[in-house]
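J.: generate coordinates for the sequence data below:
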Amino acid sequence: MKRRSIVAIIITLLFAIATNFMVIEAVAQTEVKRIYIQVSQNNAGEIISVKAIGTHANEYDVAYTTDYSEIGEKPALTVTATAKDGYVFYNDFATKSQFSISGGNFLSGYRVNVSSVKVQIEGSKRVRGKLDAPKGLSWEDNYLATWNEVIDADYYVVNINGNNVTIYNNEADLRQFLKENKNNKFRVKACSNNSYSLDSVWSEYSDELYYERDYWDDSYYDDYWYDDGWYDGWYNDNYYQPQYNYNSNNLQNGWSKVGDTWYYYVGGAKVTDAIYNVDGRSYLFDKTGRMLTGWQSYRGSTYYFYPQGNTIVKEGEMARGWALIEGKWYFYDRNTGKEVHDRIVEGYYVGSGGNMVTNQWIGDKYVDESGRILSNCWKLINWRGQTKWFYFESNGDCVKGRISVINGLPYPFDGYGALIYGWFNYNGNSYYVKPDGNIARNENINGYWVDSYGRWKWY
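T.: Now for the predicted structure:
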């Protein structure tokens with residue numbers, strides 16, 4: 001009996017060496033079974049601290065990096081938990097149940113190794129921001145007030161001589177608000193249609209401008225549209241007289257189409273060089289007031305405005321959310337309308353061109369033919385000229401460089417994430433991966449019998 005046991009031990013050792021596997025038993029350490037994290041934000045939604053909490057806070061340290069933090073969105077961050085001496089992470093930490101997060105929402109998690117776990121978290125508050133006050137205020141020729149553009153401003157309010165005037169670009173003809181034979185100055189406030197962007201404070205006042213009216217100057221009256229058409233006044237006793245006062249109810253407001261081009265008027269003036277909201281829909285107008293369609297770049301961001309209307313969208317309306325354009329899916333921020341690039345959106349990945357990609361690796365993740373990022377599933381993928389099996393965990397990453405238990409059975413994966421075929425050892429037992437990717441069970445493999453659990457035992 002002893003002789004047979006010795007022979008069995010020798011055969012087992014020789015088998016392990018022949019299959020080129022080595023099993024290293026870890027020194028017994030205390031296992032961290034759950035991670036407790038507290039995320040703190042200030043009133044503006046900015047992340048101010050991330051720390052381990054509770055009675056288990058002495059088991060690991062936490063550090064974080066902010067993935068993105070844009071106005072109107074909940075900030076996303078990646079937290080790394082590092083085990084302290086005497087503690088290890090054995091679980092895969094891929095499910096929400098393995099985390100307790102205060103002040104934030106679990107997005108995904110995974111174990112890097114026995115010493116480190118990463119988790120992606122979304123803050124509970126949306127980021128709020130205040131627009132910068134306009135600068136560079138000056139008077140140009142023909143009483144044109146100008147100032148520098150403010151990033152993310154949708155419109156401006158100009159204050160002059162007790163009047164507040166709404167302007168949709170960074171210049172305004174303020175002649176009708178000037179006081180004759182007096183010094184005039186103005187100030188400006190930047191405003192946003194985004195409820196999470198706070199209006200700026202008032203800017204400093206501009207330099208003073210002395211205004212003396214020139215009755216021979218008719219340039220001011222040439223740029224307004226009335227209900228009965230364009231009108232530039234008439235002459236009487238050698239003075240230029242306007243047919244209508246600027247504040248008259250006859251001034252044109254709303255949409256006007258000239259040929260194939262749409263314009264929009266507010267108080268008789270065209271909306272120019274601005275994204276402007278009409279009845280809850282956003283439109284873009286160029287410097288001449290023309291409504292633009294298609295892909296457009298505005299203030300450093302890309303937008304899309306539908307060239308044609310239908311039962312859902314209007315002609316010229318800004319795209320928000322998913323949009324099917326020329327046979328490809330694109331995603332535009334649901335608040336700002338800005339085109340999104342190089343990011344996972346609602347389980348899909350949009351690439352550098354803004355369109356959803358398919359059948360492609362994204363780091364350790366893979367998007368299938370539908371564009372969805374794979375998770376909790378197997379996928380047969382062509383890898384370096386060969387077809388290989390890969391397994392993608394709940395966070396979307398493929399298993400790499402380790403043995404992972406999937407549906408109760410262990411599977412070995414190489415450093416690239418491809419399933420390794422043939423014999424391997426796990427927890428003192430030997431298993432065999434067949435060419436079809438399945439673990440051999442209840443069958444003879446080259447003279448070795450494996451049981452219903454896939455284990456080879458010497459008898």
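
J.: what segments of the chain are helices?
T.: 2-18 (DSSP state H).

J.: low pLDDT regions in the stretch 201-350 of the chain?
T.: Counting by pLDDT under 70, the ranges of the stretch 201-350 of the chain that qualify are 213-251.

J.: at 80 instead, please
T.: 212-252, 267-268 (pLDDT under 80).

J.: contacting residues around K434?
T.: Going by Cβ atoms under 8 Å, 6 or more residues apart in numbering, K434 touches Y421, A440. C-beta coordinates here come from the backbone N, C-alpha and C atoms, glycine included.

J.: Y421 versus that one, what's the distance?
T.: For K434, the distance to Y421 equals 7 Å [Cβ to Cβ, to the nearest Å].

J.: just V188 next, same as before
T.: Applying Cβ to Cβ, the value for V188 to Y421 is 70 Å.

J.: list the contacts of E208.
T.: By Cβ under 8 Å, 6+ apart, the neighbours of E208 are N183, N184, K185.

J.: I160: which of these is nearest?
T.: Taking Cβ to Cβ as the measure, I160 lies nearest N184 of those, at 6.6 Å.

J.: who does that closest one bridge with?
T.: In this entry, N184 is beta-bridged to L209, by DSSP bridges.

J.: just checking, it touches L209?
T.: Yes. Between N184 and L209 there is a contact under Cβ atoms under 8 Å: 5.0 Å.

J.: what sits in contact with each of those two?
T.: L178.

J.: these two: who's more crowded?
T.: N184 (20 against 16; other Cβ atoms under 10 Å).

J.: circling back: neighbour count winner among V188 and Y421?
T.: When V188 and Y421 are compared for neighbours, V188 comes out ahead with 31 against 15, by other Cβ under 10 Å.

J.: bridge partners for that one, pull those for me.
T.: V158.

J.: buried residues in stretch 134-151?
T.: Buried residues in stretch 134-151, counted by 16 or more other Cβ atoms under 10 Å: P134, L137, W139, Y143, A145, T146, W147, V150.

J.: same deal with stretch 152-161?
T.: D152, A153, D154, Y155, Y156, V157, V158, N159, I160.

J.: how far away is the closest residue to the third one other than its chain neighbours from I275?
T.: The spatially closest residue to D154, leaving aside those adjacent along the chain, is N193, at 4.5 Å (Cβ to Cβ, 6 or more residues apart in numbering). Between N193 and I275 the distance is 8 Å, computed by Cβ to Cβ.

J.: the two: who's more crowded?
T.: Under the neighbour definition other Cβ under 10 Å, N193 and I275 were set side by side, and I275 has more, 22 against 14.

J.: for that one, what are its contacts?
T.: Residues in contact with I275 (Cβ under 8 Å, 6+ apart) are D154, S282, Y283, L284, Y298, Y303, M318, G337.

J.: farthest pair in these?
T.: Going by Cβ to Cβ, the pair spanning these furthest: D154 and Y303, at 12.9 Å.

J.: does S404 have beta-bridge partners, and which?
T.: Y411.

J.: give me the neighbour count for it.
T.: 15.

J.: just the buried residues of stretch 152-161: which has the poorest pLDDT?
T.: Lowest pLDDT among the buried residues of stretch 152-161: D152, with 80.

J.: list the residues that contact that residue.
T.: I71, G129, L131, S192, N194, S197, R299.

J.: can you list these in a markdown table and add distance to Y168 and neighbour count?
T.: Shown next, in a markdown table, are these (distance: Cβ to Cβ, whole Å; neighbours: other Cβ atoms under 10 Å):
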| residue | distance to Y168 | neighbour count |
| --- | --- | --- |
| I71 | 20 | 20 |
| G129 | 21 | 18 |
| L131 | 15 | 22 |
| S192 | 12 | 21 |
| N194 | 15 | 16 |
| S197 | 16 | 22 |
| R299 | 13 | 13 |
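
J.: which of the contacts of I275 fall in strands?
T.: S282, Y283, L284, Y298, Y303 (DSSP state E).

J.: the second one: how many residues sit nearby?
T.: Y283 has 22 neighbouring residues, counting by other Cβ under 10 Å.

J.: residues in contact with it?
T.: By Cβ under 8 Å, 6+ apart, the contact list for Y283 reads Y264, I275, Y276, N277, M291, F305, G316, E317, M318.

J.: try it again with 6 Å
T.: Contacts for Y283 (Cβ atoms under 6 Å, 6 or more residues apart in numbering) come out as Y276, M291, G316.

J.: return the set of residues that bridge with it.
T.: Counting by DSSP bridges, Y283 is bridged to Y276.

J.: do you know how far the closest residue to R441 other than its chain neighbours is from Y391?
T.: Closest residue in space to R441, ignoring its immediate chain neighbours: G454 at 4.8 Å, by Cβ to Cβ, 6+ apart. From G454 over to Y391 the distance is 16 Å, taken as Cβ to Cβ.

J.: can you check G371 too?
T.: 20 Å.

J.: report the buried residues of stretch 329-340.
T.: For stretch 329-340, the neighbour count (16+ other Cβ under 10 Å) marks W329, Y330, F331, Y332, D333, N335, T336, G337, K338, E339, V340 as buried.

J.: and stretch 29-36, by the same measure?
T.: V32, I35, Y36.

J.: give the contact list for the second one.
T.: Which is I35. A81, F99.
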